[in-house]
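Pasting the sequence and the predicted coordinates here, then a few questions.
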2 protein chains.
Amino acid sequence: MSDVRAYAAQSSTSGVAPFAIDRRELRPDDVDIAIEFCGICHTDIHFVNNDWGATVYPVVPGHEIIGRVRAVGDQVSGFNVGDRVGVGCLVDSCRDCDSCHDGLEQYCENGMVTTYNGEDRHDGTPTFGGYSERIVVSDRFVLKVPDALDPAAAAPLLCAGITTYSPLKHFGVDKSHRVGVVGMGGLGHMGVKFARALGAEVTLFTRSESKVNEAKRQGAHHVVISTDEAQMKAVAGQFDYILDTVPVAHDVNPYLAALKRDGTLIMVGMPEPINPPVDGGALIFARRRIAGSLIGGLPETQEMLDFCAEHDIVCDIEMLDIGNINEAYERMKKGDVRYRFVIDMATLGN
Amino acid sequence: MSDVRAYAAQSSTSGVAPFAIDRRELRPDDVDIAIEFCGICHTDIHFVNNDWGATVYPVVPGHEIIGRVRAVGDQVSGFNVGDRVGVGCLVDSCRDCDSCHDGLEQYCENGMVTTYNGEDRHDGTPTFGGYSERIVVSDRFVLKVPDALDPAAAAPLLCAGITTYSPLKHFGVDKSHRVGVVGMGGLGHMGVKFARALGAEVTLFTRSESKVNEAKRQGAHHVVISTDEAQMKAVAGQFDYILDTVPVAHDVNPYLAALKRDGTLIMVGMPEPINPPVDGGALIFARRRIAGSLIGGLPETQEMLDFCAEHDIVCDIEMLDIGNINEAYERMKKGDVRYRFVIDMATLGN
């Protein structure tokens, strides 16, 4: 089963280019998926460039995958040929630790297997992601995509969507809460949509005046320009939760100050040292909290897709021919996309 | 009503020395207390030395106060002359914000009035603390001290006790939890006692081998030497809660790593920038949290005193003549006290 068409990076400077890969023969629990659409996440760029020093080349990125079932293994009962399905950031886990038993495979205590740049638990082969015409994934890690969702615009739900939905649900956001969302990129605009759909009063924090109208269009009730000290002072002590989606080092202390007593700042974008340092006083003097959250487990991801179908939520996307992917990366680095590129995989054979 | 005997600091270099103060005439809700015992908190030293730049001299320190009711105002119904009572870190608050309505006066959104170096809400006079023969406090901020408690050893419960009890209760610590306590000083040894009494499996983290037996005597099931990397590695991912009582800047990341998924590090001792910086990845990849907590509200402080009576818990103390207080401060700076000095106020007239 070789010669599956894909795009891969061969080195940290090569960019992404056509590449042929093998996809494994079906195991009894496998689902073979013909990929229709794949969203582009900033993580893809980090792995292509080896920014985190963990890339194994060649790397086929892509973990926001939508497609149709081509075939299923002997023991697969939940999926049929032709079903529209999705695959997100992980394709396996130990299935035996407390987190896996709790349906929180993303926190697998023995290490989840990521959709790309991971290592298959059975044969040690590298995992290749969604910049490809096909992917083979164990059924536990395959999602059903409701018919009501536009399939291209649903692709980024598998990463940007679940990453923001999961903490809002986990911490119980509802109509009694004031919720802030920091940043208005791929994650941030989904955070605004979900917080609004959950009934919260939603405020977007952005550095850019230019995003005020757009944020309101996305569902924010209020917008605060985070660089305006007077505006930040006016919202001190106001929020139950603030979802911080900013993916680069930044000062979180102004957001801590914007939390009520017992409020929680939820970090989803910055897995690195929090610098400038967190003000311990801001935590102690109002019993505030800082929490982290990572994507979501499989049951919660299915719940999120169903929630999106029910509430008519998808990601705002720009469609892309895969031949233009390196240009798309350059635009993403400048923040020039609203809000996610999605590759039309039909362009892979062009 | 002047010429109440007290000890005060007159400047940042004067140390603490005899001083005469006024205590106000009784308002209708006031309780006039003859002080028997007053614990010494590190905060006292910080205010005497003006370490935080906020001291108004003369300052009469002391916020771990036990005494007997001398007299009560016309509208006081909960206390009678002769009752044994306590006063902790705060003597008033706005009584009208959400936090005050919730009985969490320590988080008063209009600012609690601290027991010393505060400002009376009625007449703007400075508040003077417990290094004194008398104190007059509004009844809402006076605690009943159960007869079962040794009164001298109960004094530090009003600060060191409630500061550790409150977060353990707030976060719901019970027999299903593994709890770590960092540091074995005035707060830490109380944290061990409370976590044990709440049924948790308790581990003390300390830098000092010399504290191992002592920690076990206090109720710790296990002791981890925090400077031993192998020991720290062996407890990675083990704890539901870690109560960090260390009052100076230190690296919290090894304690984050010791938390389970969804575990919480509770900071009670360090109201300053958390440096080295918090590892955002440690939060995100296991949905961990860092929370702060400040002393406790009045209802919870009363609950804590009753809990102590029921579970036979007091602070380990060393009694002190007030004339020796400056020497006691010097010993405290070296960590040479197990675990709290308590002033015998009968020595004030000597």
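Received, thanks.

When you work out contacts or count neighbours from here on, use the C-alpha atoms and nothing else.
Will do.

ok, and the closest non-adjacent residue to A:Asp251?
Take A:Asp251 and drop its neighbours on the chain: the residue closest to it by CA to CA, 6 or more residues apart in numbering or on different chains is A:Pro276, 5.5 Å away.

which residues touch the one you found?
Counting by CA atoms under 8 Å, 6 or more residues apart in numbering or on different chains, A:Pro276 touches A:250-252, B:277.

And the helices in the stretch 101-250 of chain A, which stretches?
For the stretch 101-250 of chain A, the helices defined by DSSP state H, counting those that start in this stretch cover A:151-154, A:160-170, A:186-197, A:212-218, A:229-234.

Buried residues in stretch A:320-338, which are they?
A:320-323, A:325, A:328-329, A:332, A:337 (16 or more other CA atoms under 10 Å in any protein chain shown).

and the residues you listed, which of them are in helices?
Using DSSP state H to define helices, the subset of the buried residues of stretch A:320-338 located there is A:325, A:328-329, A:332.

Show me which of those is closest to A:Pro167.
Nearest to A:Pro167 among these is A:Met332, at 25.0 Å by CA to CA.

measure the nearest residue to that closest one once chain neighbours are set aside to chain B for me?
Excluding its sequence neighbours, the residue lying closest to A:Met332 (CA to CA, 6+ apart) is A:His42, at 7.7 Å. Here A:His42 is placed at a distance of 17 Å from chain B (CA to the nearest CA, to the nearest Å).

which helix is the longest one in chain A?
The longest helix of chain A (DSSP H) is helix A:298-311.

for the ones in helices among the buried residues of stretch A:320-338, which one is nearest A:Asp22?
A:Ile325 (21.9 Å).

gap between that closest one and A:Val91?
In this view, A:Ile325 and A:Val91 are 24 Å apart by CA to CA, to the nearest Å.

surely A:Ile35 meets A:Arg134?
Yes - with contact defined as CA atoms under 8 Å, A:Ile35 and A:Arg134 form a contacting pair (5.4 Å).

rewinding a little: mind checking which of the contacts of A:Pro276 are buried?
Using 16+ other CA under 10 Å as the threshold, A:252, B:277 are the buried ones among the contacts of A:Pro276.

Now do the residue nearest to A:Met332: how many residues are near it, please.
Neighbour count of A:His42, defined by other CA atoms under 10 Å in any protein chain shown: 13.

Same question for A:Asn49.
Neighbours of A:Asn49 (other CA under 10 Å): 19.

how close does it sit to chain B?
In terms of CA to the nearest CA, A:Asn49 sits 20 Å off from chain B.

how about the residue lying closest to that residue once chain neighbours are set aside, phi and psi?
Nearest non-adjacent residue to A:Asn49, counting by CA to CA, 6+ apart: A:Ser12, 4.3 Å away. Backbone torsions of A:Ser12, given as degrees, to the nearest 10, read phi -70, psi -10.

I'd like the distance from A:Ser12 to A:Pro18, if you could.
A:Ser12 sits 16 Å away from A:Pro18 when distances are taken as CA to CA.

now swap in A:Val235 and tell me
50 Å.

Over to A:Leu298?
In terms of CA to CA, A:Leu298 sits 31 Å off from A:Pro18.

now swap in A:Val278 and tell me
For A:Val278 relative to A:Pro18 (CA to CA), the value is 44 Å.

Report pLDDT for the closest residue to A:Gly263 other than its chain neighbours.
Nearest residue to A:Gly263 in three dimensions, chain neighbours excluded: A:Asp240, at 4.5 Å (CA to CA, 6+ apart). Predicted confidence (pLDDT) for A:Asp240: 98.

is it true that A:Asp240 touches A:Ala258?
No - contact status for A:Asp240 versus A:Ala258: not in contact, 9.0 Å apart, counting by CA under 8 Å.

For the stretch 101-250 of chain A, which residues are neighbours of chain B?
A:Tyr107 (CA under 8 Å from any CA of the partner chain).

Spell out, range by range, the strands that occur in the stretch 101-250 of chain A.
For the stretch 101-250 of chain A, applying DSSP state E, counting those that start in this stretch gives strands covering A:113-114, A:134-138, A:143-144, A:178-182, A:201-206, A:222-225, A:239-244.

will you turn those into CSV that also has distance to A:Phe79?
Shown next, in CSV, are these (distance: least, CA to CA, whole Å):
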stretch, distance to A:Phe79
strand A:113-114, 21
strand A:134-138, 11
strand A:143-144, 8
strand A:178-182, 36
strand A:201-206, 37
strand A:222-225, 42
strand A:239-244, 34
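
could those strands go into TSV alongside mean neighbour count?
Shown next, in TSV, are the strands of the stretch 101-250 of chain A (neighbours: other CA atoms under 10 Å in any protein chain shown):
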stretch	mean neighbour count
strand A:113-114	22
strand A:134-138	23
strand A:143-144	20
strand A:178-182	28
strand A:201-206	25
strand A:222-225	19
strand A:239-244	26
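
thinking again about what came up before, and A:Val278 and A:Pro18? which has more neighbours close in?
Higher neighbour count among A:Val278 and A:Pro18: A:Val278, with 22 against 17, using other CA under 10 Å.
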